[in-house]
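*Asks:* take this sequence and fold it.
(chains A and B)
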Amino acid sequence: MRSFRRVLIANRGEIAVRVIRTLRELDITSIAVFSEPDRTALHVLMADEAHAIGPGPSSESYLHQDRVIETAVRVKADAIHPGYGFFAENARFAGACAAAGIVFIGPGPETSRALGDKLAARDLARAAGVPMVPGSDGPVGSLDDARAAARAIGYPLMLKAAAGGGGKGMRLVSSESDLEAAWSLTRGEAESAFGDARVYIERAIARPRHVEAQILADASGRVAFLGERECSIQRRHQKLFEETPSPAFDEPLRARFAEAACRIAKRAGYLGAGTVEFILDPSGEFYFLEVNTRLQVEHPVTEMATGLDLVAEQIRIAEGAPLSFGDARVPARGCAMEARIVAEDPRAGFMPSVGRIERVRFPQGPGVRNDAGVYRGYEIPVYYDSLLAKLVVWAGDRDGARRRMLRALDEYVLEGVHHNVAFHRWLVSHPEFAAGRLSTRFVDEHFRPAALDPGRETSEIALFAAALHEREERLRITLPPANGAESRSTWRWPERRRSGPRTRR
Amino acid sequence: MKLWVMLEGRDAEVEFHTEGERLVVEIEGRRLDADFRRLPDGEVYSLLVNGRSHEVRVSPGGAALDVTVRGATIPVEVRHPLEKVLQATRSLAGAGFDEVVAAPMPGMIVAIKVKAGDLVARGQAVAVIEAMKMQNELVARHGGIVSELLVREREAVRSGQALMRLKPVTA
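*Replies:* Numbers count the residues shown, from 1 in each chain, chains lettered A, B, ... in the order given. Just a heads-up that it's a prediction; the model follows:
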C-alpha cells in the first residue's frame, strides 16, 4: 500500500475543480493541466500546480495521450485522476499510465476494455445472467446490415456507438425512413468523438426510466452498493437532472437491483467507483444497459445521501486501501437532487451557447451544493462540453428536496450566455415531476419552449426597468453634475490614496 | 418625462412624476411607486415596484436594451413618444427576401448536404455543424434554390456566419 503525494487531474471544468477540493482536504498536491484557451480557467486558478498541454482542440491537449503522460512523468505525479469524459474510460490510456509507473485512478485497462466497450459489456452481463434489452449481437457493418438487423429487432430502436458514453453517439430511430440519416450522423459522431465507428442496435423500450447503481469495489474483492440514482430527465439522450432515491423504487426492487449490479461488478473483477446503468420499464422490470467505469457527473447526489466523498474513496482504493466503511452497509438518508446547469438554449432546441459569463451569483443556504467551473468574466471555450455547473440539494424527503431545488434555482444568477436554469424551474414545478412520474420521454412529452416565455409580470418588470434606465440616462445627459466630477467618485477616494498613484493596476 | 416603450409586440407609454422623494410611474392608467437603484457592479439595478423587490440587469443590446429579469433576457426598445408617429408612417419592406442559412454557434462544418442550384424544401437539412462534441443538422427555414455556398466542409465558422444563400422560388 502506498500513499499519494502528488495527483495530476487529466481534466478541466467543474470536475477538475471537484477533484482538487478533495485532494486539498487529503493534503495531496493537486496538479492541473490546461489547454491554451483554459489558461485562466477555474481549475488552473484552484490547483496547487498547473501545466500547459497544448492548443484548444481536445485531441491536441486533454485527449493527447503522450502530452498528458509526459507531463505527469515530468512533474513527478504519483497518480492521475481522469475525472469523467476524456481519458476516463480509455483502456489504452490506463495501460500507458501503468507503463510509465503512474497509478491510474480507476479500474485497470482490462476492466475498462471489457466494460467500456458496450458490446463486450453486454457479453459480460449475459454471462452474469442479468437481463438485457434485445439487440444486435455485435456491431453492424453497413447501412444494409443495419436495415436487416432493424427489421429483425423492430422499430423504434436505438443506434449506439460501441465506444460511446455520456449520451454521445446515440440516436433514437422511430422508423425505417429515419434510419439512413441517423446511421450516418451516429457513425460520424462515433468516429470523431471516440475514434471508433462501430455502431450496434438495441430495441427502444417505450417510456423507460433510466436508473443506475453506484458501486464501489476495493482490491480485496468487496463490492458495495451505494444506492441508485434516477436519471430519466434527459434531452438528446444526455442527462439533465438526477435524483436519489428513485421515486419508482421500493425495498424489494432495490434489493434485486443491487444484487444484479454487484454481480456484474464481481464478474468483471471491478476496482474503484463505477456505475451500472439499467433501464426500468413501466412494469418494474430492469434491463442492463452498460457499465460506466468512472466517476459519474451525477455522483454528488450519492455523496449527499450517503455522506461519503466518492473521490476520496477512489483515491483510497487506488492506493490499495480497503473501503473506508469496510463491510458495513452504507445507509442513504433523505433525498438528493442535481440539476445540470448547461450553456444551451432550451427555447431553441437546447442548442449549445458560448460567450462570456457577465454576472454570476450562486445559491447558498441549507442543503445546497453548487459545483461550478466558471466565474464572472470567464469566456466559455467552444471546444469542450457545455456543462457549467451542477446544482445539488439535499432534504429529508423528495418534496422537501424539490422545494429546496426550486428555491435554489430562484437564487441562481447566471448571465451572459443562454442556460437552462429556467428549464429546471419549469421541470421541478411540473405536477408530473412532483408526482414522481418520470421517463426518458418526459422532456419530449411535456416540454414546449413556450413554457419558458416570460410571463406578463416579468415582461412588465422589464418594461419598467428599461424605461427607468432610459430616464436615468437622459437625466444624466441633460443635467450636468452639480459640483463637477468629484461628486461621482468620492467613494473610490480612500482606496486610491491607499494604493498610491504608481501602484494602481 | 414621458417615454414610449416596446417589447415583444406590445407597446406602452410610460410617464414619470416625482412627488417629493417618491417616483411615480404611470402606465395604462395605473399609478405605481417605483424605486430604482443601481448596484455597485454597474449594470444591475434593484427595482422596487409598490414595494415588490426585483433584481434586473439592463445592458445595451442591438437596437434595443436587453433587460434580464429572473434569468430571462427581454429586448426592450425605449423611444421618444414622437417616434411613434414617425414609425407609423414608415411602410414595411416587401416580401421575397433571400434566405441566409447561418451558423447558430461557432463550430466546424462537417457536411454540406446541398450544392449550388439545388431546390431545397422548407425544413430540409442543408448542413451539419459540429460544436461542443455534438453534431447538429442545420435546416432551411423557408427553402428555395441554393444560389451561393459560402463555406466548405471542414471549415471552422463563427457564430452567425453565413453558410449559404437561398433564393425564394417564385410561384
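
*Asks:* just checking, what packs against the helix or strand containing residue A:388?
*Replies:* Using DSSP states H and E, residue A:388 sits within strand A:387-395. Applying 3 or more Cβ pairs under 8 Å, 6 or more residues apart in numbering or on different chains; DSSP states H and E, one finds that strand A:387-395 contacts helix A:13-25, helix A:299-306, strand A:335-342, strand A:368-372, helix A:398-411. No exception for glycine: its C-beta is placed from N, CA and C like everyone else's.

*Asks:* now tabulate the ones you listed in JSON lines and tack on mean neighbour count, distance to chain B and mean pLDDT.
*Replies:* Formatted as JSON lines, these follow (neighbours: other Cβ atoms under 10 Å in any protein chain shown; distance: least, Cβ to the nearest Cβ, whole Å; pLDDT from 0 to 100):
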{"stretch": "helix A:13-25", "mean neighbour count": "22", "distance to chain B": "12", "mean pLDDT": "98"}
{"stretch": "helix A:299-306", "mean neighbour count": "25", "distance to chain B": "21", "mean pLDDT": "98"}
{"stretch": "strand A:335-342", "mean neighbour count": "26", "distance to chain B": "10", "mean pLDDT": "98"}
{"stretch": "strand A:368-372", "mean neighbour count": "19", "distance to chain B": "15", "mean pLDDT": "98"}
{"stretch": "helix A:398-411", "mean neighbour count": "19", "distance to chain B": "8", "mean pLDDT": "98"}
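
*Asks:* between those, which gets nearest to residue B:35?
*Replies:* Ranking these by proximity to residue B:35 (Cβ to Cβ) places helix A:398-411 first, at 21.6 Å.

*Asks:* could you give the angle of that closest one to strand A:335-342?
*Replies:* Relative orientation of helix A:398-411 and strand A:335-342, computed by axes from the mean of the first three to the mean of the last three Cα atoms, to 10 degrees: 30 degrees.

*Asks:* report the buried residues of the helix or strand following helix A:398-411.
*Replies:* Counting by DSSP H and E, the next helix or strand C-terminal to helix A:398-411 is strand A:413-415. Within strand A:413-415, the residues that count as buried by 16 or more other Cβ atoms under 10 Å in any protein chain shown are A:413-415.

*Asks:* partner strands of strand A:413-415, with direction?
*Replies:* Using DSSP bridges, the strands paired with strand A:413-415 are strand A:359-361 (antiparallel).

*Asks:* distance from the chain centre to the partner strand, please.
*Replies:* Offset of strand A:359-361 from its chain centre (Cα atoms, centre = their mean, to the nearest Å): 21 Å.

*Asks:* then stretch B:102-111?
*Replies:* How far stretch B:102-111 lies from its chain's middle: 20 Å, per Cα atoms, centre = their mean.

*Asks:* same thing with stretch A:83-103?
*Replies:* With Cα atoms, centre = their mean, you get 19 Å for stretch A:83-103.

*Asks:* would you reformat the helices and strands packed on strand A:387-395 as CSV and include distance to residue A:314?
*Replies:* Listed next are those as CSV, based on distance: least, Cβ to Cβ, whole Å:
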stretch, distance to residue A:314
helix A:13-25, 9
helix A:299-306, 10
strand A:335-342, 19
strand A:368-372, 16
helix A:398-411, 26
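
*Asks:* that older thread, give me the mean pLDDT for the strand holding residue A:388.
*Replies:* In this model, strand A:387-395 has an average pLDDT of 98.

*Asks:* excluding covalently adjacent residues, which one is nearest to the most centrally placed residue in chain B?
*Replies:* Central residue of chain B (Cα atoms, centre = their mean): residue B:75, 6.5 Å from the mean position. Distances taken as Cβ to Cβ, 6 or more residues apart in numbering or on different chains put residue B:64 closest to residue B:75, at 4.1 Å, once the chain neighbours are dropped.

*Asks:* residues contacting residue A:8?
*Replies:* Applying Cβ atoms under 8 Å, 6 or more residues apart in numbering or on different chains, we find residue A:8 in contact with A:31-33, A:68, A:71-72, A:75, A:77, A:79-81.

*Asks:* and the gap between it and chain B?
*Replies:* 23 Å (Cβ to the nearest Cβ, to the nearest Å).

*Asks:* hey, C-alpha coordinates of the helix or strand where that residue lies in CSV?
*Replies:* Per DSSP H and E: residue A:8 is located in strand A:6-9. These are the backbone C-alpha positions of strand A:6-9, laid out as CSV (Å, rounded to 0.1, in the frame of the first residue of the first chain):
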residue,chain,number,x,y,z
ARG,A,6,1.0,14.4,-6.0
VAL,A,7,-2.0,13.7,-8.2
LEU,A,8,-2.5,15.1,-11.7
ILE,A,9,-6.0,15.8,-12.9
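
*Asks:* where does pLDDT dip in chain A?
*Replies:* A:166, A:478-505 (pLDDT under 70).

*Asks:* tell me how far the residue located most distally from the centre of chain B lies from chain A.
*Replies:* Distance from the C-alpha centroid of chain B, by Cα atoms, centre = their mean, peaks at residue B:20 (38.1 Å). Going from residue B:20 to chain A by Cβ to the nearest Cβ gives 17 Å.

*Asks:* can you pull the contacts of residue 34?
*Replies:* As the question left the chain open, I've gone with chain A. Contacts of residue A:34 (Cβ under 8 Å, 6+ apart): A:12, A:41, A:43-44, A:50-53, A:61.

*Asks:* switch to chain B, that's the one I care about
*Replies:* Taking Cβ under 8 Å, 6+ apart, one finds A:464, A:468, B:23-25, B:47-49 in contact with residue B:34.

*Asks:* relative to residue A:119, which of the residues you listed is nearest.
*Replies:* residue B:47 (57.9 Å).

*Asks:* so that closest one makes contact with residue B:58?
*Replies:* No - in this structure residue B:47 lies outside contact range of residue B:58 using Cβ atoms under 8 Å: 9.8 Å.

*Asks:* between those two, who's got more neighbours?
*Replies:* Legend: neighbour count by other Cβ atoms under 10 Å in any protein chain shown for residue B:47 and residue B:58, higher for residue B:58 (26 against 21).

*Asks:* find the nearest non-adjacent residue to the more buried one, please.
*Replies:* Nearest non-adjacent residue to residue B:58 (Cβ to Cβ, 6+ apart): residue A:469, at 4.2 Å.

*Asks:* next one: phi and psi at the residue farthest from the centre of chain B?
*Replies:* Main-chain dihedrals, residue B:20, degrees, to the nearest 10: phi 70, psi -120.

*Asks:* quick check on residue A:187: phi, psi?
*Replies:* Residue torsions, per degrees, to the nearest 10, at residue A:187 are phi -60, psi -40.

*Asks:* how close does it get to residue B:129?
*Replies:* Between residue A:187 and residue B:129 the distance is 17 Å, computed by Cβ to Cβ, to the nearest Å.

*Asks:* neighbour count winner among those two?
*Replies:* More crowded of residue A:187 and residue B:129, by other Cβ under 10 Å: residue B:129, with 21 against 18.

*Asks:* on that earlier part again, chain B: which of the buried residues of strand A:413-415 is nearest?
*Replies:* Of all those, chain B sits closest to residue A:415, with 5.5 Å by Cβ to the nearest Cβ.
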